[in-house]
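**Student:** Coordinates for the following, if possible.
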Amino acid sequence: MNSESQLREKLRKIEALFVGAGTAGERHAAEAALQRVRARVEELARHDPPIEQQFSLPDQWSRHLFLALCRRYGLRPFR
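**Tutor:** Okay, here's the model as predicted:
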């Protein structure tokens, strides 16, 4: 497992902690950890050029859903 995939796995776990936080303190701690991991993932992304992929979607609704999911997970779609 490379460092980027490890960071992405940590990111998923921290997001789960953030969603399930019972107190404000837990939520703030999870949010701070989330920001640190996202910063590290962005730093890794600057060193590796993005890979361009093409997707064909059957209708407008699928396209909107796909774009929303991309943005949710930090991917920057174009076109």
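
**Student:** Tell me which residues of the top helix by length along the chain come out buried.
**Tutor:** For the chain, the longest helix by residue count, based on DSSP state H, is helix 24-47. Across helix 24-47, burial judged by 16 or more other Cβ atoms under 10 Å covers 30, 33-34, 37, 40-41. All C-beta atoms are positioned from the backbone trio N, CA, C, and that covers glycine.

**Student:** Show residues contacting that helix.
**Tutor:** 3-4, 7-8, 10-11, 14-15, 17-18, 21, 74 (Cβ atoms under 8 Å, 6 or more residues apart in numbering).

**Student:** repeat that with 6 Å
**Tutor:** Residues from elsewhere that reach helix 24-47 (Cβ atoms under 6 Å, 6 or more residues apart in numbering): 4, 7, 10-11, 14, 17-18, 21.

**Student:** Weed out the non-buried ones from these.
**Tutor:** The buried subset of the contacts of helix 24-47 (16+ other Cβ under 10 Å) comprises 7, 10-11, 14, 17-18.

**Student:** any idea which of those residues is closest to Asp59?
**Tutor:** The shortest gap between Asp59 and any of these belongs to Leu11, at 30.7 Å (Cβ to Cβ).

**Student:** Point out the other helices and strands that the helix or strand encompassing the closest one packs with.
**Tutor:** Secondary structure assignment for Leu11, by DSSP states H and E: helix 3-19. Packing contacts for helix 3-19, counted by 3 or more Cβ pairs under 6 Å, 6 or more residues apart in numbering; DSSP states H and E, involve helix 24-47.

**Student:** any idea how far Arg8 lies from Arg46?
**Tutor:** Distance of Arg8 to Arg46, computed by Cβ to Cβ, to the nearest Å: 16 Å.

**Student:** repeat for Phe55
**Tutor:** For Phe55, the distance to Arg46 equals 24 Å [Cβ to Cβ].

**Student:** ditto for Arg40
**Tutor:** With Cβ to Cβ as the criterion, Arg40 and Arg46 are 11 Å apart.

**Student:** No further queries at this time; thank you.
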